[in-house]
Structure formats: structure tokens, C-alpha cells
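Q: Could you work out the structure for the sequence below:
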Amino acid sequence: MKTIKTSEEYLLSSLTREDLSTDPFNQFDKWFKDALASDIKEPNAMTLATVNADNTPSARMVLLKDYSTRGFIFFTNYSSRKGRSLLLTNPYAALVFWWEPLQRQIRIEGIAHKLSSKLSNEYFNSRPRGSQLGAIASQQSQTLDAYETLENQYKELDQRFRNKTIERPDNWGGIVINPERFEFWQGRPNRLHDRFIYQRDDKKNWQIERLYP
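A: Got it, this is the predicted structure:
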């Protein structure tokens, strides 16, 4: 077996209990704003992990489009693999943000819900026309015989909707992940990283605990 060796040492910062907000959403907002202010490209990129009917996990990168105390929102084709898993099979999901320049990671676990049609329509209408057409042309996660087929479908839609308003298709929209657990990770020297979790107690109050790295 060939061992992959890394020499990266995490020296940038630390994380203490006193540093943390009592509210995990506020703590996320603070760290997310730090990521926005850094040189990270697409700091809203996050890994989304789902589980299908056969208990097989699947993970992919998606883009966070909004967040608040109601949850974390991304948009997708509801007929895609992730859409079917979350809305038809198993609503539990996990999100991971990795911001290497800040030596920080955030993990979020929660339950998925379909975003309201009103909010999905608002976001769809704000997208560039090409992205709107692409959302309709792509039968996401289905087998595609050739790239030219997709291009031709896009061109046909482009002609069909020329000088017309493009309405959001029913199988495309937002999904919101309502968190039940947060973990904030800060890299430290000698792999003695700082890890804190937020979990709700029986009274739905957020409790904070430090974990071994």
C-alpha cells in the first residue's frame, strides 16, 4: 500500500468555548462571513450527503443559496438522485463546508423539506435566462446518450421560449435542510484540532460540547 504523506500543519487559529455563540446559526453566520471576506472561491460550495432506499450513501457538491434559522437552502431538480432520496426516501441529510485557507470545517446534519413554491419561483425568476433553460433541458441524473442531445434540447427550448417568460418547471426548486446538529472544527497543530458540537436537549435548547479531535 502506498501511503499519501502530507506536511500541512494547522497553525492559523484556535477555537475555545468562549469564542462560540450560544446560537449555532449565529456562529455559522460569523464563520461564513469570514469565508466571504477571504480569498476562497465559492465559499458557499458544500458537500451534500444523502442515503437512498438501499441505505447506500451518496455525496456531491452543491451551492448554498440562502440560510437562516429556518435552515440551509439549495436548489435542484427534484427528480435527480439527491432530490428523490431526500423527498421520497430518506429526508436525513448531512452538509460539509471546508474552507482550507481558514483551516475550518463545518458539519451540519438535519432533515430536508421542499421549499415553498413561492420562494422557489422567486429564485428561479432571478436566474439568468440560460440557467433557466438549462434547468428545463437537463433530466438530471438520467442517462444521456450524447452531449449533442442535451445541446439540441437546449436549442429547441431556446427557440420555443424566445421573447417569452420562462416559468419554473414543477420538478425543479428549493430544498431546505433544517439542522439538528452542528459541528465547528478549527485546525490545530499536531492534529489536536478543536471540535465543538451543538445539539438540542429535551427542551429544544442548544447544548454545546467539546469533542476529541
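
Q: And the strands in this protein, which stretches?
A: Ranges of strands in the chain, per DSSP state E, are 45-51, 57-63, 66-68, 71-77, 92-99, 104-114, 172-186, 194-200, 206-211.

Q: got a markdown table for those strands, with distance to Phe28 too?
A: (C-beta placed from N, C-alpha, C; glycine too.) Converted to a markdown table, the strands of the chain look like this (distance: least, Cβ to Cβ, whole Å):
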| stretch | distance to Phe28 |
| --- | --- |
| strand 45-51 | 11 |
| strand 57-63 | 16 |
| strand 66-68 | 7 |
| strand 71-77 | 9 |
| strand 92-99 | 9 |
| strand 104-114 | 6 |
| strand 172-186 | 7 |
| strand 194-200 | 10 |
| strand 206-211 | 12 |
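
Q: Which one of those strands lies nearest to Leu133?
A: Proximity to Leu133 (Cβ to Cβ) singles out strand 172-186 among these, at 11.7 Å.

Q: follow-up on the earlier one: Throw the strands of the chain into JSON lines and include mean neighbour count, thanks.
A: JSON lines is the format used below for those (neighbours: other Cβ atoms under 10 Å):
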{"stretch": "strand 45-51", "mean neighbour count": "18"}
{"stretch": "strand 57-63", "mean neighbour count": "12"}
{"stretch": "strand 66-68", "mean neighbour count": "15"}
{"stretch": "strand 71-77", "mean neighbour count": "21"}
{"stretch": "strand 92-99", "mean neighbour count": "18"}
{"stretch": "strand 104-114", "mean neighbour count": "19"}
{"stretch": "strand 172-186", "mean neighbour count": "20"}
{"stretch": "strand 194-200", "mean neighbour count": "18"}
{"stretch": "strand 206-211", "mean neighbour count": "13"}
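
Q: In a markdown table, list these along with mean pLDDT and distance to Asn26.
A: Shown next, in a markdown table, are those (pLDDT from 0 to 100; distance: least, Cβ to Cβ, whole Å):
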| stretch | mean pLDDT | distance to Asn26 |
| --- | --- | --- |
| strand 45-51 | 98 | 19 |
| strand 57-63 | 98 | 22 |
| strand 66-68 | 97 | 11 |
| strand 71-77 | 98 | 14 |
| strand 92-99 | 98 | 16 |
| strand 104-114 | 98 | 13 |
| strand 172-186 | 98 | 11 |
| strand 194-200 | 97 | 11 |
| strand 206-211 | 98 | 10 |
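
Q: Nearest to Ser141, out of those strands?
A: Per Cβ to Cβ, nearest to Ser141 of the strands of the chain: strand 71-77, 7.5 Å.

Q: can you list contacts of the closest one?
A: Here strand 71-77 makes contact (Cβ atoms under 8 Å, 6 or more residues apart in numbering) with 46, 48, 62-67, 82-83, 95, 108, 110, 113, 115, 120, 123-124, 135, 138-141, 171-179.

Q: Equivalent analysis for stretch 117-129, please.
A: Lys65, Phe75, Gln132, Ala135, Ile166, Arg168, Trp172, Gly173, Gly174.

Q: ok, now with 6 Å
A: The contact list for stretch 117-129 (Cβ atoms under 6 Å, 6 or more residues apart in numbering) reads Arg168, Gly173, Gly174.
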